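In: Have a look; sequence and predicted model below, questions after that.
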Amino acid sequence: MNTNRDLKRSVARLCAVAVALCGAICAFGACNAPHYRKGRTLEDDASGVLVYISIGLNDFAPEKLVCLAGELKRRYPGRNVMASIFSSREAALGYIPSTERTPKSMEYESKLHGLYFYNREKHDDYLIIVPDPRSLELDSPFDTRIDLPVKGTPACKLAINGRCLFEFEHLYYPDTAASGSVALAGNIRRDGVVSNLTVVDATVDPPAQKSELVESALRNLGTWRFEPGKRKDSIHMTYLFGAPVSSLAWHGMELRLPDEVRIEH
């Protein structure tokens, strides 16, 4: 009887160890960095590297970017790294920072959605998610900074139903004196694209200029792109034109997710 009891206890301990080891292995193996392609290399010497890379827009998810940061750090061991992460191969090859903005440079700039910084001397190691790349100042309230290594699940500042917002076009006030609100409804598809938008309500003063605000709201929400998800999610957004904004506004635009956008006149 004692022998059987001891045997059962030993088997139970072995099973517990196996489960723990499997969990550790699975957690380690789950960090698969997305495939990336190198674009322009601005600096590459013994002290550090400054490089542009590109990944698919579907790979712009916090967990995947954390894995990508680890891969870049391993690729350049003991060196400082600054990587600009584009969603377009063409942009990663062709983007040249300049004070003179051309249509092509602005197109390339709009594809920059991530930055990775590692500085060995300063002990800096972090990612920045950039959903509004035409507001490239690093203190933009739209950006999400993820310090590495992460503790737990990395959080995104702008998200709906747990899905990170990675891309949208900045909305400036339309060329009109009108003000009011436009309520929209639609879906966030599994691939992150916002679709099937409809106008739920629109109250504009003066009413004759309602179409201008409605078109601005529809056009803007149609540019939003979220990280991929396992299901389709609904989205309900009210655009308030001429409403007061807070310190979280950037160039007159404030996102109060999950359901409100404010545009300062």
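Out: Everything's here; your move. Worth saying up front: this structure is predicted, and the values here are computed from it rather than measured.
In: On the pLDDT front, check H236 for me.
Out: What the model reports as pLDDT for H236 is 98.
In: Quick check: bridge partners of it?
Out: The bridge-partner assignment for H236, based on DSSP bridges, gives A185.
In: Tell me where the stretch 1-150 of the chain has strands.
Out: Secondary structure of the stretch 1-150 of the chain, counting by DSSP state E, counting those that start in this stretch: strands at 37-44, 48-54, 80-86, 112-119, 124-129, 144-147.
In: what sits against the nearest residue to P62 once chain neighbours are set aside?
Out: Spatial nearest neighbour of P62, chain neighbours left out: P154 (4.0 Å); criterion: Cβ to Cβ, 6 or more residues apart in numbering. Bear in mind the C-beta positions are built from the backbone N, C-alpha and C, glycine included. P154 is in contact with 62-63, 65-66, 146, counting by Cβ atoms under 8 Å, 6 or more residues apart in numbering.
In: Could you dump the residues you listed into JSON lines with pLDDT and neighbour count added?
Out: Listed next are the contacts of P154 as JSON lines, based on pLDDT from 0 to 100; neighbours: other Cβ atoms under 10 Å:
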{"residue": "P62", "pLDDT": "95", "neighbour count": "20"}
{"residue": "E63", "pLDDT": "94", "neighbour count": "15"}
{"residue": "L65", "pLDDT": "96", "neighbour count": "28"}
{"residue": "V66", "pLDDT": "96", "neighbour count": "19"}
{"residue": "I146", "pLDDT": "96", "neighbour count": "21"}
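In: how about a markdown table for the residues you listed, with distance to A46 added?
Out: Converted to a markdown table, those look like this (distance: Cβ to Cβ, whole Å):
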| residue | distance to A46 |
| --- | --- |
| P62 | 32 |
| E63 | 32 |
| L65 | 27 |
| V66 | 27 |
| I146 | 28 |
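In: Closest one of the residues you listed to T102?
Out: L65 (28.7 Å; Cβ to Cβ).
In: List the residues that contact the nearest residue to the closest one once chain neighbours are set aside.
Out: Using Cβ to Cβ, 6+ apart and skipping residues adjacent in sequence, the residue nearest L65 is L127, 5.4 Å away. Counting by Cβ under 8 Å, 6+ apart, L127 touches 65-66, 69, 114-117, 145-146, 148.
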